[in-house]
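[1] Using only what follows, build the 3D model:
(one chain, ligands or ions: 1)
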Amino acid sequence: MNRETFYRITYGLYVVSSADGGQSGGYIGNTVFQVTAQPPRFAVACNKDNHTSGLIERSRVFAISILRQDARTELIGLFGYQSGRAVKKFASVRHRTGQTGAPILLEDTLGWLECRLVQTVDVGTHLLFVGELVDGDLTGCSDPPLTYAYYRDVKKGKAPKNAPTYIEPDPSDGAAKTGAADSARASPAQYACSICGHVYDPAAGDPDAGIAPGTRFEDLPEDWVCPVCRADKSYFVKQT
Ligand code: FE
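    Okay, the predicted model is just below:
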């Protein structure tokens, strides 16, 4: 089996969100698609472990916010790589409450759809939520929508662990690359997070984490984590 074939399936990237009992949450979903035209119904796949999954089951509503192509990595990090159980994701972003009560993201988005849940299909690790369209509109941003291919190939992002399309990284891949040419380095190397694509630049350091500019990746404390997705150092791969 050739897993590269999986990447020939095209997807977009969206923030799927919901709210219930004063709590709100959202995750980055690529498995979002229209399943019927009359009436218009949309399906989203959500990992059972996602905080948002429980919110959708209880509130029976969800919103889909369509990300623009140049959506900020930090925004994708917030919604894609952090848990709504630990972080109030909508507290730090511009949004509004839709007529279903689900939060709609207004930053780096082109438009949104709101749905009322009509069917839930248990597909194993994920729940497939099918919703009937209640409302939808454009934000006025005319940028192209962000596709999974663009995110992966241009933004160098990877699927979060809870995504239906996540593929387990090969640990030997990173080890081989990080071990090579360590001695023959002219300037401190950049390292990229294999989970979210964030690049650690030694020249910039990570001031938010107290890491001074000029700190080599190798000299980062062992408990340092990716500022975007919180992955530990072992997920970083040296850039050549
Ligand atoms: Fe990361």
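[2] in what helix or strand does residue 43 lie?
    In the assignment (DSSP states H and E), residue 43 maps to strand 41-47.
[3] what comes into contact with that strand?
    Applying C-beta atoms under 8 Å, 6 or more residues apart in numbering, the contact partners of strand 41-47 are 14, 16, 27, 29, 31-35, 52-53, 56, 62, 64, 113, 115, 118, 123, 125-133, 162-164. Where you see a C-beta, it was placed from the backbone N, CA and C, and this is true even at glycine.
[4] ok, now which ones touch the residue nearest in space to the middle of the chain?
    The centre of the chain sits closest to residue 80, judged by C-alpha atoms, centre = their mean, with a distance of 2.7 Å. Residue 80 is in contact with 27, 28, 160, 163, 196, 229, counting by C-beta under 8 Å, 6+ apart.
[5] Give me the lowest-pLDDT entry from these.
    The lowest pLDDT within these belongs to residue 160, which sits at 71.
[6] unless I'm mixing things up, that one is touching residue 151, no?
    No - using C-beta atoms under 8 Å, residue 160 is not in contact with residue 151; the gap is 11.2 Å.
[7] which residues are common contacts for these two?
    Counting by C-beta under 8 Å, 6+ apart, nothing touches both residue 160 and residue 151.
[8] So which residues on this protein come close to the ion?
    Within the chain, the residues that sit near the ion (C-beta under 5 Å from the ion) are 193, 195, 196, 198, 226, 228, 229, 231.
[9] who are the neighbours in contact with the residue nearest to the first one when sequence neighbours are not counted?
    Counting by C-beta to C-beta, 6 or more residues apart in numbering, residue 226 is the residue found nearest to residue 193 once chain neighbours are left out, at 4.5 Å. Residues near residue 226 by C-beta under 8 Å, 6+ apart: 193, 195, 196, 198, 200, 232, 235, 236.
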